[in-house]
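next comes the sequence, and after it the predicted model I'd like to discuss.
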Amino acid sequence: MSSKPRYQQIKSFILDGIKQQTYRPGSKIPTETELAQQFEVSRMTVNKAIRDLVQDNLLVRYPGLGTFVSDTKAESPLADIKNIADEVRQRGHQYSNRLVSLKETAASETVAMQMGVPMGTPVYRSVIVHQENGLPIQLENRYVIASAVPGYLEQDFAEHTPNEYLVKMCPISSIEHIVEAVLPSDKAQELLDIDANTPCIQVNRRTWSDGRLISFATLTHPGTRYKLRSITKVGSI
């Protein structure tokens, strides 16, 4: 039997339903009465669990209609680079990540072309799943020039993200973004916990420091959980 308080168990149940897309954005969750019967608790206990999730902007209540999964998507600026952990926390949500891989490898033909180096050049590769309130929102597949950031493999990316570390070690002088709509690869489906038909936003990002290309990253976001924003300043009309 779980040692969690009952309202926490109900929160976890609803969060799991959102994560597994049993409850999709805009869909209605079970009523307080139904949840109270299922967990054999009072409606007051259920109400506390739902109230917490409403405060976290994961659920929204409509009087007379019920409680629905929020369709608000995580949002990032397209024309800038921000630390995804900071973005999540600024929304008042909990950031976490899962390190899938961190190793040295030889640049393949594709990676070498993107990074402007000969094939076989030593590069570091990190694969990380970034999560917001436990829900995967970005799969980051990043390559960095090993000679430019020799301490990359020794970093604890549970404490700071690759973006945060690279900005500190190699201040960014310019960036390139290429955005496209894609369907997820088999690996992306597994790591982002989505199905093959989930539309995704894929950002191919290259970053330079002092004129030298440092990093090439492919960032894959489930389209149902994420959006990108671009603001361009123009002169007065």
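Received, thanks. A quick note: this is a predicted structure, and the numbers were derived from the prediction, not measured.

now what about the strand or helix carrying Asn47, what contacts it?
Using DSSP states H and E, the element containing Asn47 is helix 43-55. Contact partners of helix 43-55, identified using C-beta atoms under 8 Å, 6 or more residues apart in numbering, comprise 6-8, 10-11, 14-15, 29, 32-33, 35-36, 39, 59-61, 67. Where you see a C-beta, it was placed from the backbone N, CA and C, and this is true even at glycine.

which among these count as buried?
Among these, those classed as buried by neighbour count (16 or more other C-beta atoms under 10 Å) are 6-7, 10-11, 14-15, 29, 32, 35-36, 39, 59, 67.

dump those residues to JSON lines, plus distance to Ala181.
Below are the buried ones among the contacts of helix 43-55 laid out as JSON lines (distance: C-beta to C-beta, whole Å):
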{"residue": "Arg6", "distance to Ala181": "42"}
{"residue": "Tyr7", "distance to Ala181": "39"}
{"residue": "Ile10", "distance to Ala181": "36"}
{"residue": "Lys11", "distance to Ala181": "33"}
{"residue": "Ile14", "distance to Ala181": "30"}
{"residue": "Leu15", "distance to Ala181": "28"}
{"residue": "Ile29", "distance to Ala181": "29"}
{"residue": "Glu32", "distance to Ala181": "38"}
{"residue": "Leu35", "distance to Ala181": "37"}
{"residue": "Ala36", "distance to Ala181": "42"}
{"residue": "Phe39", "distance to Ala181": "40"}
{"residue": "Leu59", "distance to Ala181": "28"}
{"residue": "Thr67", "distance to Ala181": "31"}
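
between the residues you listed, which is nearest Met115?
Among those, Leu15 lies closest to Met115 (C-beta to C-beta), at 38.6 Å.

isn't the closest one up against Leu59?
No - assessed by C-beta atoms under 8 Å, Leu15 is found out of contact with Leu59, at 10.1 Å.
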